[in-house]
Structure formats: C-alpha cells, structure tokens
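Asker: Attaching a predicted model along with its sequence, questions to come.
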Amino acid sequence: MYIIKREKKRKNKNESLNKINNSKTYGKWFGSMEWNFMVTIRKNYKTNCNVVRKTAHRLIESLESINTAVYVGEKDSIDYRNYHIHILINGEDNVSLLNNLNHYKQHNKGDMIHIEKIGNNYEAGMYITKHFNINTLTESDIVWDIIQK
C-alpha cells in the first residue's frame, strides 16, 4: 500500500510539472513595469465580461495624466458568477492622478472602489495575474487588457 501511494504522488508531481503556468510569466512581465496605483472595483450589481471591459475603459479614459494601464477582471471567490476588477495605473503626476481617481470614486458611490499606492511593482504584477494559469481556466474566467495612451 505504501509503495502504491508513493508512485501515485510521483505521478501527480510529474503531471503538474508538465502544465503551463502563465501567471508567473505575466506576473514578472507586469512586475517589471512601473506602476503608481492599483484600483480594485467591485460593482454593486452582477457583472460579466462586457461590464468589466466597459468599466475599466471608462475609468482609464477619464484619467488625464496616464501613460499605461492594465486591467484584470477575475471571478469572485464569494460569487463565482460575478467579477471584480484590478487596474494597475502608471501616470506622470501622482497628485492629479489621485485626484482623478478620487473624483471617479465619488461619482460611483454604489461601487466598492479601493485605491492603493503601489510600493512594490513585482508584487502588484504577481497579484493581478494570480488566476492566469491557463490549465485551470475556462475561456471566461478572466478578462484582461493593457492600454497605453
């Protein structure tokens, strides 16, 4: 019995080594870029892929001093039929960027919007790509895009 379990564990380990894990690759890539803020948005209603795209693009277009942004919409752990959005933002002027983000937050009071200054770019990149593992995803588990102005 012990030998069978040992062979089974070894087989599972070899299978997991053959799987592609894109979360680390994308995480390192996003982590190599400069980011000022991360915004997390949870809408006050059910969201789907189209709402994620529309919400992210609306926020990014409303920001004036932005160079690059990347958004990731991922399914909630609480309600798997709903999404929340993480947006990494790189801009030139932190003060005006923060003012624009706070203005957006005031006009969307029903939504939970969390704005956080980025301390470590690598950790931020790894965090937003935590669900990028292609082997465990279905087509609609994540929605993402990178936008440059």
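Answerer: Arrived safely, thanks for sending.

Asker: what about residue 58, neighbour count?
Answerer: 11 (other C-beta atoms under 10 Å). The C-beta positions use only the backbone N, C-alpha and C, and glycine is treated the same way.

Asker: what about it, distance to residue 79?
Answerer: In this structure, residue 58 and residue 79 are separated by 23 Å, where distance is defined by C-beta to C-beta, to the nearest Å.

Asker: What's the first helix or strand after the host helix or strand of residue 105?
Answerer: Take DSSP states H and E as the rule and residue 105 turns out to sit in helix 94-106. On the C-terminal side of helix 94-106, the nearest following helix or strand under DSSP H and E is strand 112-117.

Asker: Next, the buried residues of the helix or strand that comes right after that following strand.
Answerer: With elements assigned by DSSP H and E, the helix or strand that comes after strand 112-117 is helix 121-128. Within helix 121-128, the residues that qualify as buried are 121, 124-128, counting by 16 or more other C-beta atoms under 10 Å.

Asker: Format the residues you listed as TSV; extra columns: distance to residue 24 and pLDDT.
Answerer: What follows is those, written out as TSV (distance: C-beta to C-beta, whole Å; pLDDT from 0 to 100):
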residue	distance to residue 24	pLDDT
121	15	97
124	14	97
125	10	96
126	8	95
127	12	95
128	13	95
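
Asker: which one of those is nearest residue 51?
Answerer: Ranking these by separation from residue 51, with C-beta to C-beta as the measure, puts residue 128 on top at 18.0 Å.

Asker: where along the protein do the strands fall?
Answerer: 37-42, 66-75, 83-91, 112-117, 142-148 (DSSP state E).

Asker: Next, format those as JSON lines and append mean neighbour count and distance to residue 105.
Answerer: Listed next are these as JSON lines, based on neighbours: other C-beta atoms under 10 Å; distance: least, C-beta to C-beta, whole Å:
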{"stretch": "strand 37-42", "mean neighbour count": "19", "distance to residue 105": "9"}
{"stretch": "strand 66-75", "mean neighbour count": "22", "distance to residue 105": "16"}
{"stretch": "strand 83-91", "mean neighbour count": "23", "distance to residue 105": "13"}
{"stretch": "strand 112-117", "mean neighbour count": "14", "distance to residue 105": "5"}
{"stretch": "strand 142-148", "mean neighbour count": "16", "distance to residue 105": "20"}
